[in-house]
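>>> sequence? don't have it. structure:
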């Protein structure tokens with residue numbers, strides 16, 4: 001028995017489990033009632049299981065919330081956020097005060113309607129969109145196992161626990177992620193399933209008749225069923241789950257709204273305040289005669305002792321870290337700090353010089369693969385993968401062995417055809433710390449990844465989504481695979497960096513900018529077709545990191561500015577040459593990342609866009625978003641609808657995305 005578990009048993013011996021759990025129930029129903037908004041049913045139903053988990057099993061220390069070897073807790077059923085906030089207050093997280101609970105769901109409070117990541121306050125992850133939490137937890141466990149392989153049990157040896165509900169397990173992403181977890185035998189993942197049989201519409205039997213236990217058994221998980229209101233049964237199940245060599249699902253049969261006299265076991269307790277009369281009845285039924293937000297001193301003291309118990313384990317871990325050799329300690333601390341690798345800029349500068357000199361013609365997906373061949377060996381935290389498109393995405397390096405069950409020393413994850421699960425798992429790896437995840441699929445399938453991409457942006461996590469086959473340039477696969485609206489849709493997500501490089505030089509710079517952006521996720525959209533090197537001169541600066549730059553100035557007075565991204569920058573350069581040949585001064589602006597361009601000061605943006613009277617934008621996607629740069633006299637050369645199947649050269653001509661079309665648009669405007 002660890003120090004943590006022994007201290008926990010002592011604390012629970014002083015105050016009954018019933019009182020410890022009822023403290024969670026009371027705070028949850030009181031906060032929801034005060035806010036006149038929220039979900040009291042789930043916290044009341046899962047209070048018993050959560051009290052056992054936090055009180056007797058979970059390894060954590062509120063005095064050091066970011067302790068790297070703490071267990072991770074994921075409330076996948078994020079609507080039940082008061083369960084988490086109550087536990088954080090009770091166990092003594094400094095920032096999670098009683099006043100924060102009183103301000104549940106109020107602007108500026110730590111107690112948002114659904115949990116929002118704030119490790120210092122004890123919130124490991126933003127949850128709420130159902131299925132995302134459990135899927136993201138798979139990535140947390142992956143990161144733990146990868147780091148354990150690298151640094152050993154002395155520094156990395158913890159579990160990830162999840163509370164998930166029926167809705168989480170209905171969502172498709174849970175199928176993808178949990179199947180992968182079973183395949184990889186991620187035994188450090190333990191899920192407590194709140195099997196209460198209720199959803200918003202009513203009984204889950206209205207729409208859900210799966211045998212969940214058999215489903216997870218088929219995935220290769222260890223599965224147990226318990227009465228979720230029997231603390232001894234829950235504790236035994238958790239102990240048994242920790243001893244298995246597979247992920248574990250503990251099906252906790254519970255009553256939603258436990259203790260509410262007329263709403264327990266009903267959907268009416270799910271997503272609305274119970275009401276004053278129902279709360280009064282619940283207090284009587286639970287034997288909790290205290291006023292709202294009042295926690296009797298003996299109960300609060302017992303919970304605070306639970307919170308304090310982790311200090312011994314944390315201090316022992318700190319001693320082991322200090323006892324490690326200097327190289328190991330430095331490498332571990334650097335990995336967990338999650339900063340920018342020291343030699344990243346030097347590596348990319350050397351690549352830039354070489355590419356400008358050699359001037360290769362490459363698909364940017366190939367150029368990206370070449371960049372990774374140099375970055376992955378140099379940056380141990382980089383962990384790659386693909387959703388069954390490895391050869392197409394060029395995401396696996398020659399030195400990156402596969403990660404497999406029982407073999408976590410590799411650098412590459414075979415996610416299978418599970419784009420959504422892959423994206424969520426990468427978020428989990430980033431949240432855990434110690435890994436910089438990247439993973440590939442086709443840009444058109446970013447739709448499958450979008451909910452996780454949005455959460456990565458909301459959580460401000462460094463995750464790199466490699467999206468190849470980025471336009472009609474992929475050719476014969478046709479409109480199902482040709483993205484046209486996707487760039488615009490992704491650019492609409494706040495705090496997401498969407499890169500579309502024009503050549504091998506910009507591709508290397510995109511990777512540098514993405515890895516250097518420690519507080520934002522990135523999408524790198526890459527071509528299938530070959531592109532010439534367009535950057536004419538070497539230099540010390542990463543021009544892509546400024547979002548847009550002047551690739552070619554006008555000869556003479558500028559009458560036209562041609563704006564383009566990716567494969568269409570080549571077309572813009574050809575259009576410029578044709579205009580110059582006709583005596584019309586034209587300049588080319590490459591715009592690989594709008595979001596970074598918008599971060600530049602007004603003087604830089606104005607200088608790049610210039611004051612030529614005509615602007616023409618060229619992109620093999622829809623126009624949406626371009627008008628902010630085109631102005632009143634601007635023209636757009638691109639897609640107005642879906643693509644078609646055929647050789648890509650013919651498609652560009654068919655849809656009028658050519659240098660000739662750009663020249664004609666410019667001349668017509670002049």
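On my side now, so go ahead. None of the values given here were measured: they were computed from a predicted structure.
>>> residue 223 - that's part of a strand, no?
Yes: the assignment for residue 223 by DSSP: H, G, I helix; E, B strand; the rest coil puts it in a strand.
>>> which helices and strands sit right next to the helix or strand where residue 457 lies?
Element membership for residue 457, per DSSP states H and E: helix 446-459. Applying 3 or more CB pairs under 8 Å, 6 or more residues apart in numbering; DSSP states H and E, one finds that helix 446-459 makes contact with helix 132-151, helix 419-432, strand 464-468, helix 486-491. Any C-beta I mention is one placed from the backbone N, CA and C, and that applies to glycine too.
>>> could I get these as TSV with mean pLDDT, distance to residue 249 and mean neighbour count?
Listed next are the helices and strands packed on helix 446-459 as TSV, based on pLDDT from 0 to 100; distance: least, CB to CB, whole Å; neighbours: other CB atoms under 10 Å:
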stretch	mean pLDDT	distance to residue 249	mean neighbour count
helix 132-151	98	10	27
helix 419-432	98	16	29
strand 464-468	98	29	27
helix 486-491	98	34	22
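>>> okay, the angle between the helix holding residue 457 and strand 464-468?
160 degrees (axes from the mean of the first three to the mean of the last three CA atoms, to 10 degrees).
>>> contacting residues around helix 446-459?
By CB atoms under 8 Å, 6 or more residues apart in numbering, the residues outside helix 446-459 that reach it are 116-117, 125-126, 129, 132, 135-136, 173, 419-420, 422-424, 426-427, 430-431, 441, 463, 465, 467, 483, 486, 489-490, 493-496, 520-521, 523.
>>> same question, stretch 576-590
Against stretch 576-590 from outside (CB under 8 Å, 6+ apart): 502, 506, 534, 548-565, 569, 572-573, 575, 608-610, 612, 659-660, 663, 666-667, 670.
>>> just for the protein, where's the confidence low?
Filtered on pLDDT under 70, the chain yields the residue ranges 1-13.
>>> residue 401 contacts residue 408, doesn't it?
No: contact criterion CB atoms under 8 Å: residue 401 and residue 408 do not qualify, at 10.3 Å.
>>> so those two - more neighbours on which side?
Under the criterion of other CB atoms under 10 Å, the comparison of residue 401 against residue 408 puts residue 408 first, with 19 against 12.
>>> looking at it, the more buried one is touching residue 141, isn't it?
No: Residue 408 is beyond contact range of residue 141, at 10.1 Å (criterion: CB under 8 Å).
>>> circling back: so the helix holding residue 457 versus helix 419-432, what angle?
With the same axes, to 10 degrees as the basis, helix 446-459 and helix 419-432 are set at 20 degrees to each other.
>>> between helix 132-151 and helix 446-459, find me the angle.
80 degrees.
>>> any idea which helix or strand comes after the host helix or strand of residue 523?
Assigned by DSSP H and E, residue 523 belongs to strand 522-525. Counting by DSSP H and E, the element after strand 522-525 in chain order, helix or strand, is strand 530-531.
>>> from the middle of its chain, how far away would stretch 518-537 be?
Mean-position distance between stretch 518-537 and its chain equals 22 Å (CA atoms, centre = their mean, to the nearest Å).
>>> next, the buried residues of that stretch.
Neighbour counts using 16 or more other CB atoms under 10 Å place 520-529, 531, 533-535 of stretch 518-537 among the buried residues.
>>> and the closest residue to residue 390 other than its chain neighbours, how many residues sit next to it?
Nearest residue to residue 390, sequence neighbours excluded (CB to CB, 6 or more residues apart in numbering): residue 396, at 5.0 Å. Per other CB under 10 Å, the neighbour tally for residue 396 reads 23.
>>> can I assume residue 396 is in contact with residue 384?
Yes: Residue 396 is in contact with residue 384 according to CB under 8 Å; the separation is 6.4 Å.
>>> so what sits against both of the two?
With CB under 8 Å, 6+ apart, residue 396 and residue 384 have common neighbours residue 412.
>>> and the strands in the stretch 151-300 of the chain?
Using DSSP state E, counting those that start in this stretch, the strands of the stretch 151-300 of the chain run over residues 160-165, 189-195, 198-199, 202-203, 222-227, 248-253.
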